[in-house]
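Student: what follows is a predicted protein model with its sequence.
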Amino acid sequence: MGTLYYGDIATPIEIEDRALAHVKVVIATKLRRGESFTLSWTHGPGQEVGRSTVWLHPSIPLRFVFDDPEPALLSRAWVEELANSANSSGGLLLVPEPGTEESSA
């Protein structure tokens with residue numbers, strides 16, 4: 001399980017490593033362009049039921065931490081789907097990898 005640390009949020013955001021690798025590519029691309037946007041996700045097992053959204057801005061500190069020391073092989077289709085959502089008015093929505101019911105481990 002990877003972790004996303006954003007600004008001074010009291011609780012780090014836990015995202016499965018493979019999914020976090022894909023989200024990282026999309027976030028880095030958007031922030032490199034100076035674009036602000038939202039990131040939304042559904043709470044995982046062991047967390048309060050619901051979903052959360054954060055506003056991502058280039059000036060706010062951001063750190064990605066992965067449990068797996070090896071980088072994940074990226075799915076172009078998944079990166080494109082995530083990027084398309086990030087470019088929409090709804091913002092980046094963490095969705096499962098295309099062709100799977102859940103994000104792969």
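Tutor: Looks like it arrived, so ask away.
Student: show me where the protein has helices.
Tutor: 17-32, 76-86 (DSSP state H).
Student: now do the same contact list for the residue nearest to the spatial centre of the chain.
Tutor: Residue closest to the average C-alpha location in the chain (C-alpha atoms, centre = their mean): residue 23, at 3.7 Å. By C-beta atoms under 8 Å, 6 or more residues apart in numbering, the contact set of residue 23 is 4, 15, 39, 82, 92, 94. The C-beta positions use only the backbone N, C-alpha and C, and glycine is treated the same way.
Student: my guess is residue 97 contacts residue 73, does it?
Tutor: No. If you go by C-beta atoms under 8 Å, residue 97 and residue 73 don't touch, sitting 11.6 Å apart.
Student: contacts for the lowest-mean-pLDDT helix or strand in the chain, please.
Tutor: Lowest on mean pLDDT, DSSP states H and E among the helices and strands of the chain sits strand 13-15, with a mean of 89. Taking contacts as C-beta under 8 Å, 6+ apart, the residues outside strand 13-15 that touch it are 1-6, 23, 41, 44, 52, 54, 94.
Student: what's the lowest-pLDDT member of the residues you listed?
Tutor: Among the contacts of strand 13-15, residue 44 has the lowest pLDDT, at 77.
Student: pick the most buried one from the helices of the chain.
Tutor: helix 17-32 (a mean of 19; mean count of other C-beta atoms under 10 Å).
Student: for that one, what is the distance to the chain centroid?
Tutor: 6 Å (C-alpha atoms, centre = their mean, to the nearest Å).
Student: how about stretch 25-36?
Tutor: The mean C-alpha position of stretch 25-36 is separated from the chain mean by 12 Å, C-alpha atoms, centre = their mean.
Student: and for stretch 64-76?
Tutor: With C-alpha atoms, centre = their mean, you get 12 Å for stretch 64-76.
Student: buried residues in it?
Tutor: Buried residues in stretch 64-76, defined by neighbour count with 16 or more other C-beta atoms under 10 Å: 64, 66, 72, 75.
Student: tabulate those (TSV), appending pLDDT.
Tutor: TSV is the format used below for those (pLDDT from 0 to 100):
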residue	pLDDT
64	95
66	96
72	91
75	96
